[in-house]
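# Requesting a structural model of the entry that follows:
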Amino acid sequence: MAEPPILSWEGLGLQQGSGWLFGAPDTGGLDLHVGPRDRLALIGRNGAGKTTLLRLIAGRIDADRGERKIKPGTRIVLLEQEPDFSPYKTLMDFALSGKEAPQQHEVESIAGQLGIDMAREAATASGGEKRRAALARALAQDPNLLLLDEPTNHLDLSAIEWLEGWLERYRGAFFVISHDRTFLKRLTRSTLWLDRGSLRRKDIGFGGYEAWEEQVYAEEARAAEKLDAKLKIEAHWLERGVTARRKRNMGRLEKLHVMRAQRAAMLSPAGTAKLQLNADQEFKSKSVIVAENVSKSFGERQIIRNFSLRIQRGDRIGLVGGNGTGKTTLLKLLTKELEPDSGEVTHARTLTGVTIDQQRSLLTPQRRVRDVLAEGGDWIDVRGNRKHVQAYLKDFLFDPSLVDARVGTLSGGEQSRLLLAREFARTSSLLVLDEPTNDLDLETLDLLQEIIADYDGTVLIVSHDRDFLDRTVTITLGLDGSGKVDVVAGGYEDWQKQRRERSSPPPTPPTGGRGARIARAEGEASRSGMGSKKLSYKDQRDYELLPQRIEVLETAIARGESILSDPDLYASDPQKFANITKGIENARAEKDAAEERWFELAERVEG
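A predicted model of the protein is given here:
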């Protein structure tokens with residue numbers, strides 16, 4: 001039997017300016033019901049109102065219409081995308097502020113796991129340190145409903161994996177807004193889609209979202225056939241552009257795999273030895289950055305040790321690793337912003353670079369969009385070609401009517417997209433992208449993937465977005481802080497696979513995840529012999545067999561979501577789409593019940 005909701009909202013509506021952001025009266029408003037253990041992905045285009053909806057749920061702002069009901073005793077905590085640290089001297093002062101401040105020892109416990117010194121002065125803390133402090137504050141409040149707005153922004157890979165493990169163990173409900181597809185696929189069980197003022201819900205995780213989106217757009221397109229042709233074009237240009245772009249990107253992924261295979265042959269010692277002389281000369285002539293035996297130290301710590309790589313025109317290079325492992329140092333060495341202690345970095349004479357680092361602070365709130373792109377005019381030079389500024393806005397998923405909007409009225413994600421539009425217009429043969437995915441919606445990430453794939457030059461990308469790297473780069477440079485740089489043909493998962501194969505014995509599951517908890521508890525019970533003493537025969541059988549069943553269910557869910565990711569499935573076989581969707585829902589329900597049962601037994605064993 002389904003548990004009653006801990007929060008519900010009937011007929012929710014909010015005005016923005018002279019219109020309605022969502023829930024206009026003629027639509028009946030938004031209806032929202034949150035169960036005590038919901039894991040919800042909140043999806044929507046930049047500017048749709050996702051952050052605003054979270055603030056409404058948290059009670060930070062008031063709605064213009066609708067009835068809000070909350071189960072007594074429910075504690076709702078919001079992790080804001082950009083919390084204000086300015087009034088506080090230290091990170092701990094920030095964490096202990098507010099009417100419902102957490103206990104200091106709880107903050108310190110979580111901060112210790114995240115590796116953040118809460119005594120650090122807030123004014124000098126980095127973006128990553130502030131994000132970890134905000135997480136420590138939010139998680140330490142022991143919420144029943146946790147609202148997460150871009151929680152992985154500024155976090156390194158180890159912190160993201162720690163947060164994934166914490167949320168897997170978390171017994172309450174959560175909403176999450178995120179551009180990190182891997183994060184969403186691993187954690188969410190239902191999807192809320194905020195789209196053009198309405199809110200849709202489907203009880204499938206994010207892995208099935210894109211197929212669902214295609215289904216909705218296909219149904220709308222069929223309905224639009226009955227409309228006036230001009231109206232149809234105006235209403236659906238963006239949706240058609242998004243779906244077509246996604247299909248084109250699937251083709252680009254195939255091309256990417258071919259490029260990775262070619263680079264793997266060039267990178268491997270055996271493959272290089274087999275190259276004919278003319279091919280080797282051609283390879284060298286295409287090289288735009290050559291690093292030879294490069295090393296760099298700061299004090300006694302060696303950051304980069306004996307690194308060599310010949311980067312070709314057209315390579316897409318991803319730099320990955322935890323904070324402090326040397327990604328920024330290696331990037332600066334490759335772009336010659338920093339001189340090596342030994343070795344040499346050489347650039348081709350024709351190399352001209354553009355750096356995009358998502359610094360929205362460079363945008364003046366009172367400037368208009370056309371001022372940013374075209375110095376106030378109607379035309380913009382896009383890599384040597386003249387284009388009307390409104391047509392160029394459309395290329396970057398903006399409504400062309402926003403050409404005279406003030407920058408300050410745009411959402412954070414829209415401002416990031418505007419920066420991308422400005423920088424990509426410049427003529428260059430090298431793009432340097434520093435965390436380019438922060439604050440971008442999923443459609444813009446698809447667009448960015450397309451632009452990078454079609455870019456004629458070379459791309460260097462620093463990112464913690466695992467899915468984005470897997471879809472984009474041909475070579476991954478992986479750093480672990482030891483000074484050694486792994487050079488892998490492929491993306492993030494290819495680097496992880498190489499690390500796993502190199503490890504002996506194989507690495508244990510991430511600390512704090514469900515798999516790790518099950519494995520630890522099983523091992524402790526086996527060593528102590530406590531399981532058979534505390535459990536009945538049936539309980540003991542469940543305790544021993546449920547982990548295997550959970551693993552089977554997780555595999556089935558992943559397989560189903562992979563099938564649903566095919567955008568053509570619904571159109572070609574709607575019954576199969578429906579059957580797989582239902583199967584995923586059943587498997588998730590069984591998995592959740594199995595995990596709850598196993599945790600109860602584990603607590604008895606451990607107790």
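
# in a strand, that's where residue 159 is, yeah?
No. Residue 159 is assigned helix when assessed by DSSP: H, G, I helix; E, B strand; the rest coil, not a strand.

# Relative to residue 324, how far out is it?
Using C-beta to C-beta, to the nearest Å, residue 159 is found at 12 Å from residue 324. To be clear about C-beta, it is placed using only N, CA and C from the backbone, and glycine gets the same treatment.

# Settle it for me: which of these two has more neighbours?
residue 159 (23 against 15; other C-beta atoms under 10 Å).

# roughly how far apart are the nearest residue to the more buried one once chain neighbours are set aside and residue 459?
Sequence neighbours aside, residue 114 is the residue nearest to residue 159 in space, at 6.0 Å (criterion: C-beta to C-beta, 6 or more residues apart in numbering). Relative to residue 459, residue 114 is positioned 31 Å away (C-beta to C-beta).

# Check residue 69 too.
50 Å.

# Also residue 594?
44 Å.

# The two - which one has more neighbours?
Set side by side, residue 594 and residue 459 give different neighbour counts by other C-beta under 10 Å, the larger being at residue 459 (21 against 18).

# Which other helices and strands does the one helix or strand that one maps to contact?
Using DSSP states H and E, the element containing residue 459 is strand 458-462. Under the contact criterion of 3 or more C-beta pairs under 8 Å, 6 or more residues apart in numbering; DSSP states H and E, strand 458-462 touches strand 316-320, helix 327-334, strand 430-434, helix 466-472.

# which of those sits most buried?
strand 316-320 (a mean of 25; mean count of other C-beta atoms under 10 Å).

# CA atoms only: put that strand into PDB for me.
Output of strand 316-320 as PDB, limited to C-alpha atoms (Å, rounded to 0.1, in the frame of the first residue of the first chain):
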ATOM      1  CA  ARG A 316      39.400  16.400 -28.000                       C
ATOM      2  CA  ILE A 317      41.400  16.000 -24.800                       C
ATOM      3  CA  GLY A 318      39.700  15.500 -21.400                       C
ATOM      4  CA  LEU A 319      41.500  16.200 -18.100                       C
ATOM      5  CA  VAL A 320      40.100  14.300 -15.100                       C
END
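
# Can you give the strand pairings for that strand, parallel or anti for each?
strand 458-462 (parallel), strand 475-479 (parallel) (DSSP bridges).

# quick one on the thing from earlier: how about the helices and strands packed on strand 458-462 in a markdown table, adding distance to residue 555 and mean pLDDT?
Converted to a markdown table, those look like this (distance: least, C-beta to C-beta, whole Å; pLDDT from 0 to 100):
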| stretch | distance to residue 555 | mean pLDDT |
| --- | --- | --- |
| strand 316-320 | 26 | 95 |
| helix 327-334 | 33 | 93 |
| strand 430-434 | 34 | 90 |
| helix 466-472 | 19 | 92 |
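
# separation between the nearest residue to residue 382 once chain neighbours are set aside and residue 373?
Spatial nearest neighbour of residue 382, excluding adjacent residues (C-beta to C-beta, 6+ apart): residue 425 at 4.6 Å. Using C-beta to C-beta, residue 425 is found at 7 Å from residue 373.

# try residue 22
28 Å.

# How about residue 536?
70 Å.

# neighbour-wise, which of the two wins?
More crowded of residue 536 and residue 373, by other C-beta under 10 Å: residue 373, with 24 against 9.

# can you count the residues close to residue 457?
There are 20 residues near residue 457, going by other C-beta under 10 Å.

# That one is in contact with residue 432, isn't it?
No. Between residue 457 and residue 432 there is no contact under C-beta atoms under 8 Å: 10.7 Å.

# Show the pLDDT at the closest residue to residue 208 other than its chain neighbours.
Spatial nearest neighbour of residue 208, excluding adjacent residues (C-beta to C-beta, 6+ apart): residue 564 at 4.2 Å. If you check residue 564, the pLDDT there is 71.

# before we move on, what about residue 272?
In this model, residue 272 carries a pLDDT of 32.

# cool, and the one 3 residues further on?
The per-residue pLDDT reported for residue 275 equals 34.

# What ranges does the stretch 251-400 of the chain have for its helices?
With helices called from DSSP state H, counting those that start in this stretch, the stretch 251-400 of the chain shows them at 269-274, 277-285, 327-334, 369-374, 389-395.

# try the stretch 401-550 of the chain
So, for the stretch 401-550 of the chain - with DSSP H, counting those that start in this stretch - the helices run 412-424, 442-454, 466-472, 492-502, 514-528, 530-534, 537-564.

# tell me the most buried of those helices?
Comparing the helices of the stretch 401-550 of the chain by mean count of other C-beta under 10 Å gives helix 466-472 as most buried, with a mean of 23.

# Verify the stated contact: residue 468 with residue 445.
Yes. Contact status for residue 468 versus residue 445: in contact at 6.3 Å, counting by C-beta under 8 Å.

# Show me the common contact partners of those two, please.
181, 437 (C-beta atoms under 8 Å, 6 or more residues apart in numbering).

# dump the residue contacts of the nearest residue to residue 585 once chain neighbours are set aside.
Using C-beta to C-beta, 6+ apart and skipping residues adjacent in sequence, the residue nearest residue 585 is residue 203, 5.5 Å away. For residue 203, the contact set (C-beta under 8 Å, 6+ apart) comprises 189, 190, 585.

# Hmm, residue 312 is touching residue 290, no?
No. Taking contacts as C-beta under 8 Å, residue 312 lies outside contact range of residue 290: 10.0 Å.

# Of these two, which one has the most company?
residue 312 (21 against 18).

# quick one: the closest residue to that one other than its chain neighbours and residue 481, what's the gap?
Among residues not flanking residue 312 along the chain, residue 286 sits closest, at 4.7 Å (C-beta to C-beta, 6+ apart). Distance from residue 286 to residue 481, counting by C-beta to C-beta: 32 Å.

# same check, this time on residue 291
19 Å.

# With neighbour numbers in mind, choose between these two.
Between residue 291 and residue 481, counted using other C-beta under 10 Å, the more crowded position is residue 291 (20 against 13).
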